[in-house]
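Visitor: predicted model and sequence follow; I will ask about them next.
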Amino acid sequence: MGSLQLKSIRKAFGGHEVLKGIDLEVKDGEFVIFVGPSGCGKSTLLRTIAGLEDATSGSVRIDGDEVGHVAPAKRGIAMVFQSYALYPHLTVKDNMGLGLKQAGVPRAEIDEKIAKAAGMLSLEPYLARRPAELSGGQRQRVAIGRAIVREPKLFLFDEPLSNLDAALRVNTRLEIARLHRSLKATMIYVTHDQVEAMTLADKIVVLSAGRIEQVGSPMELYNRPANLFVAGFIGSPQMNFIEGERFGDSSAKTVGIRPEHIGLSREGGDWTGKVVHVEHLGADTIVYLETEKVGPLTVRLFGEHRYDPDEIVHATPVIGAMHRFDADGRVLGSGSRGGLPADA
């Protein structure tokens, strides 16, 4: 079991309030990811769950038990940090088993748990090596293995892939996903990388300035953002935002349209614009436009397309994919696309 309940969590450092009333429930076995910009409070929230920070007020419950006054080591959690925090003089095997050894677990049981974790993480060939003899990805796997052998109620990950290069990030991300399916454990993961969030999470928690903006599955947040902040934060390239008046919508302060929901043509379309810049990514082509009617636009085309800077082109949005927001940034109306009917 590894459920988590947070009720009215507030955290202040002096006169600065970092967490401003967090309510959240994580079910047993869920993979939940906290995302948000730097300074939004996601790492502070994770540390509060772990007991490394004390909440100024509010309740933290693990499996229904209040743990606000329980020491971190007694909460049944294991944490994987951005830094590997491995002991350089110990072998991989000894690094993985150190916590169990200090807890007085019998040697045979420690060896059994290390062997099981090493098998899951493909670390068997490296058990006798020291951290300096490993790659960055291998070191992070050792840190994850050290958490696995403890068999915690909750796994907490604090930006564990930040120090890895792009290829290792992808490989380690796949290993973490496979690990979650294998262990069926509850995992809470902090990242600023929305690709990690979209590809790993069962449920994403979007934070901004110490508050939860929206909670939902990756595609719920992508297709039905609750407000302007979530709409702009989730998705790459970022959603286009157009003033409602410029778009001809008097009831919406802002209209949003994702780059992939805009078509581009040389023959004609709704908005005429000049190409500012083109990014050729192989699988995608990203075209940046400046239009007189609705302002700057980003268009994502699938596959390779040839457009040149200063070329005049015509853009046409998919009307049924529009998102509409009021003056406070909240989504307007109901429906699958920011208030538009499902068949719009």
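Guide: Cool, the structure landed.

Visitor: excluding chain neighbours, what is closest to residue 314?
Guide: In space, residue 314 comes closest to residue 269 once its chain neighbours are excluded; the distance is 3.2 Å by C-beta to C-beta, 6 or more residues apart in numbering. In this view, the C-beta of every residue, glycine as well, is placed from N, C-alpha and C.

Visitor: ok, that neighbour - contacts?
Guide: 263, 313, 314, 315, 316 (C-beta atoms under 8 Å, 6 or more residues apart in numbering).

Visitor: secondary structure element for the residue most central in space within the chain?
Guide: Nearest residue to the geometric centre of the chain (C-alpha atoms, centre = their mean): residue 197, 2.9 Å. According to DSSP states H and E, residue 197 maps onto helix 194-200.

Visitor: touching that helix from outside, list them.
Guide: Contacting residues not belonging to helix 194-200 are listed as 31, 33, 35, 161, 169, 173, 176-177, 180, 189, 191, 204, 218, 222, 233-236 [C-beta under 8 Å, 6+ apart].

Visitor: sheet-wise, list the partners of whichever helix or strand comes after that helix with their directions.
Guide: Next in sequence after helix 194-200, counting helices and strands by DSSP H and E, comes strand 203-208. Sheet pairing here is set by DSSP bridges, and for strand 203-208 it gives strand 31-35 (parallel), strand 211-216 (antiparallel).

Visitor: nearest to residue 257, out of the ones you listed?
Guide: Of all these, strand 211-216 sits nearest to residue 257, with 19.1 Å by C-beta to C-beta.

Visitor: doesn't residue 53 belong to a helix?
Guide: No. Using DSSP: H, G, I helix; E, B strand; the rest coil, the assignment for residue 53 is coil, not a helix.

Visitor: which residues touch residue 252?
Guide: Counting by C-beta under 8 Å, 6+ apart, residue 252 touches 244, 324, 325, 326, 332.

Visitor: which residue ranges make up the domains of the protein?
Guide: Listed domain ranges for the chain are 4-223, 239-325 (source: automatic domain parsing).

Visitor: as CSV, those domains with distance to residue 229 and mean pLDDT would be great.
Guide: CSV is the format used below for the domains of the chain (distance: least, C-beta to C-beta, whole Å; pLDDT from 0 to 100):
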stretch, distance to residue 229, mean pLDDT
domain 4-223, 5, 92
domain 239-325, 10, 95
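
Visitor: look at the residue nearest to residue 314 and tell me its secondary structure.
Guide: Put simply, residue 269 is coil when judged by three-state DSSP.

Visitor: wasn't residue 44 part of a helix?
Guide: Yes. With three-state DSSP as the criterion, residue 44 is part of a helix.

Visitor: counting neighbours, what do you get for residue 304?
Guide: Residue crowding around residue 304 was assessed by other C-beta atoms under 10 Å; the count is 11.

Visitor: check contacts around it.
Guide: Taking C-beta under 8 Å, 6+ apart as the definition, contacts of residue 304 comprise 280, 282, 285.

Visitor: who wins on neighbours among the residues you listed?
Guide: Neighbours here mean other C-beta under 10 Å. Within the contacts of residue 304, the largest count is held by residue 285, at 19 neighbours.

Visitor: beta partners for it?
Guide: Judged by DSSP bridges, the bridge partners of residue 285 are residue 280, residue 301.

Visitor: hmm, it is touching residue 277, no?
Guide: No. The pair residue 285 and residue 277 does not pass the contact test of C-beta atoms under 8 Å, sitting 11.3 Å apart.
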